[in-house]
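Student: Provided below are the primary sequence and the corresponding predicted coordinates.
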Amino acid sequence: MPTSSPTRSLRLSKQLLIGLVAILAAAIWNPSRLDSGDKQLAKSVYRGNCAACHGTDGHGDGPDADRAGFPVPDLMVPKLRGGNGIGQIRHAVANGNPAHGMPTYRGKLTPHELDLVTWELIRMRKAFARQVPPPPPPVSG
Ligand code: HEC
């Protein structure tokens with residue numbers, strides 16, 4: 001079996017492409033580039049649609065959390081189940097998971113509002129991560 005078969009290098013270049021796209025997306029999605037109107041809108045979309053269940057600070061402790069019928073996840077955890085990427089979060093919000101208490105927002109929010117609320121979540125997660133000191137390193141020896 002040759003170590004670098006055509007399929008293997010094809011797979012590699014596909015991974016490279018995905019990596020590049022991810023880097024580009026991250027650069028474009030830099031939250032600090034949103035204008036102040038969009039920043040305000042992003043906050044109000046979150047507060048108006050999500051905070052009832054997920055809580056103002058995203059910890060899953062909103063006033064309606066008990067009525068969702070399913071455990072409302074803390075969105076500030078280091079790893080979201082659906083993935084931490086921009087596309088993954090937007091997908092989770094747009095599609096929801098109605099069978100598990102998460103409404104579908106495609107059609108309820110405009111594509112721009114979906115982008116903004118995704119950005120707002122990422123901003124909240126970054127701010128939260130900065131507040132929490134990293135866990136102590138494992139004791140070695
Ligand atoms: C009625 C309560 C409710 C509302 C309102 C709600 N959610 Fe959720 N959300 C849930 C529940 C319950 C889940 C877990 C669903 C599951 O188990 O798959 C969830 C899951 C999620 C997830 C996936 C978390 C993961 O770990 O992958 C994201 C992201 C999310 N919600 C964001 C939002 C955003 C953004 C809004 C507002 C636009 C919103 N939610 C509004 C109840 C709600």
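Tutor: Structure's in. What do you need? Residues are numbered from 1 along each chain as shown.
Student: Mind telling me what element the most centrally placed residue in the chain is part of?
Tutor: Residue closest to the mean C-alpha point of the chain, counted by CA atoms, centre = their mean, is Ile89 at 3.5 Å. Ile89 is located in helix 86-95, with elements delineated by DSSP states H and E.
Student: now that helix, how far from the centre of its chain.
Tutor: Helix 86-95 has its C-alpha centroid displaced from the chain centroid by 7 Å (CA atoms, centre = their mean, to the nearest Å).
Student: helices or strands next to that helix in the packing?
Tutor: Contacts defined by 3 or more CB pairs under 8 Å, 6 or more residues apart in numbering; DSSP states H and E place helix 86-95 against helix 6-28, helix 111-131. From N, CA and C alone the C-beta is placed, and that goes for glycine too.
Student: now that helix against helix 6-28, angle please.
Tutor: 80 degrees (axes from the mean of the first three to the mean of the last three CA atoms, to 10 degrees).
Student: Pull the number of nearby residues for Ile23.
Tutor: For Ile23, the count of nearby residues is 10 (other CB atoms under 10 Å).
Student: follow-up on the earlier one: give the buried residues for the helix holding Ile89.
Tutor: Neighbour-count burial for helix 86-95, counted by 16 or more other CB atoms under 10 Å, picks out Ile86, Ile89, Arg90, His91, Ala92, Val93, Ala94.
Student: For the residue nearest to the centre of the chain, give me its contacts.
Tutor: By CB atoms under 8 Å, 6 or more residues apart in numbering, the residues touching Ile89 are Leu80, Gly82, Gly83, Thr118, Leu121, Ile122.
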